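Enquirer: got a sequence here, can you build the structure:
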Amino acid sequence: MNTPPPAHLPKFQDWIVRSDGKADGTAKIYARFLTHCAEHYAETINEQTVRNDADVQRIINAVSGVVNQRGRWVKGTFNTFDVKRNLVFALQAYARFAEAVFPTGSTAQTPEFRQAADVPNDELPQRLKMEVSRLIRDTKVVREVKAAHGNTCQVCSLKLELSPGRLYSEGHHLKPLGQPHSGPDVKDNILCVCPNCHTLLDFAAVKIDPKKLRTASGHSVRQEFIDYHNQLCP
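Expert: Residues are numbered from 1 along each chain as shown. Now for the predicted structure:
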């Protein structure tokens with residue numbers, strides 16, 4: 001297929017983390033879903049084609065029809081489990097990104113479109129100066145939670161060792177920081193998790209049983225945040 005890849009992916013991933021309150025892993029997954037949607041389903045994804053719920057629904061309907069026929073999403077990547085829901089999240093995030101970064105009527109002013117259209121600069125409208133509000137994450141708090149658990153996942157107890165002595169874990173906010181959740185960036189709203197569990201939690205694919213959570217001295221999780229996460233799960 002000759003469909004171009006989703007437009008502005010690096011800028012989209014950066015915006016998702018800095019302005020929409022998502023984790024780096026979630027931003028990468030969103031980008032991967034959107035890329036496969038373009039490559040395998042001929043859906044053009046840019047700031048003009050994905051701007052609102054109607055655009056999202058149109059793409060979901062088109063992709064769902066093909067997925068149902070094939071019985072799978074994309075060979076070698078994802079199976080059909082929850083793929084529709086994940087793609088909806090990715091497209092909705094892209095629509096928020098498009099509205100925030102490329103307000104209606106301003107796409108012709110971006111460097112990408114200026115080059116593509118090959119329009120003389122003096123014929124282009126004036127640039128629109130925008131002020132963007134960004135979430136400031138307290139990375140020190142996340143590091144403290146990881147240290148308390150020795151980079152061991154609180155959900156599945158996996159201790160991921162990238163190389164001898166080099167451990168890796170991620171911090172997950174049970175009540176997300178971004179809108180509409182507006183969760184706090186505090187230790188009792190954060191879990192130390194492995195990348196797999198982080199993805200499942202980000203997509204509200206699993207509920208949390210506080211009795212099964214791994215505990216550690218110096219870190220406790222507030223029940224109200226566990227309840228908030230569980231309410232997001234189907």
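Enquirer: export stretch 194-208 as CSV, just CAs?
Expert: This file holds the C-alpha atoms of stretch 194-208, laid out as CSV (Å, rounded to 0.1, in the frame of the first residue of the first chain):
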residue,chain,number,x,y,z
CYS,A,194,7.5,-3.9,34.4
PRO,A,195,6.8,-2.6,30.8
ASN,A,196,4.2,-5.4,30.1
CYS,A,197,2.2,-4.6,33.2
HIS,A,198,2.5,-0.9,32.5
THR,A,199,0.9,-1.3,29.1
LEU,A,200,-2.0,-3.4,30.5
LEU,A,201,-2.6,-0.8,33.2
ASP,A,202,-2.4,2.1,30.8
PHE,A,203,-5.1,0.6,28.7
ALA,A,204,-7.2,-0.4,31.8
ALA,A,205,-7.0,-4.0,30.6
VAL,A,206,-6.5,-5.5,34.1
LYS,A,207,-7.9,-4.6,37.6
ILE,A,208,-5.7,-4.4,40.6
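Enquirer: which residues touch it?
Expert: Applying Cβ atoms under 8 Å, 6 or more residues apart in numbering, the contact partners of stretch 194-208 are 22-23, 25-26, 29, 82, 85-86, 89, 153, 155-156, 158, 160, 168-170, 172, 174, 191, 193, 226, 229-230, 232-234. In short, each C-beta sits where N, CA and C put it, glycine included.
Enquirer: what distance separates it from the centre of its chain?
Expert: A distance of 12 Å separates the centroid of the chain from that of stretch 194-208, by Cα atoms, centre = their mean, to the nearest Å.
Enquirer: what's the following helix or strand after the lowest-mean-pLDDT helix or strand in the chain?
Expert: The least trusted helix or strand in the chain, going by mean pLDDT, DSSP states H and E, turns out to be helix 111-117, with a mean of 43. Moving toward the C-terminus from helix 111-117, the next helix or strand (DSSP states H and E) is helix 139-148.
Enquirer: which outside residues touch the helix or strand that that next one is followed by?
Expert: Sequence order places strand 160-163 as the next helix or strand after helix 139-148, per DSSP H and E. Residues external to strand 160-163 that are found in contact with it (Cβ under 8 Å, 6+ apart): 151, 153, 167, 168, 169, 194, 195.
Enquirer: switch to 6 Å and redo it
Expert: With contact meaning Cβ atoms under 6 Å, 6 or more residues apart in numbering, strand 160-163 is reached by 167, 168, 194.
Enquirer: likewise for stretch 89-104?
Expert: 12, 15, 16, 30, 33, 34, 47, 50, 51, 56.
Enquirer: residue 145: which of the residues you listed is nearest?
Expert: Distance to residue 145 across the contacts of stretch 89-104 (Cβ to Cβ) is lowest for residue 16, with 21.8 Å.
Enquirer: strands along the protein, start to end?
Expert: 160-163, 166-168, 170-173, 190-193 (DSSP state E).
Enquirer: and the ones you listed, which is most packed in?
Expert: Comparing the strands of the chain by mean neighbour count (mean count of other Cβ atoms under 10 Å), strand 190-193 ranks first with a mean of 26.
Enquirer: that strand packs against which elements?
Expert: helix 139-148, strand 170-173 (3 or more Cβ pairs under 6 Å, 6 or more residues apart in numbering; DSSP states H and E).
Enquirer: in this structure residue 151 contacts residue 167, no?
Expert: Yes: the pair residue 151 / residue 167 is scored as a contact, 3.9 Å apart, by Cβ atoms under 6 Å.
Enquirer: coming back round to it: and the helices and strands packed on strand 190-193 as a markdown table, adding mean pLDDT and distance to residue 67?
Expert: A markdown table is the format used below for the helices and strands packed on strand 190-193 (pLDDT from 0 to 100; distance: least, Cβ to Cβ, whole Å):
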| stretch | mean pLDDT | distance to residue 67 |
| --- | --- | --- |
| helix 139-148 | 89 | 36 |
| strand 170-173 | 92 | 28 |
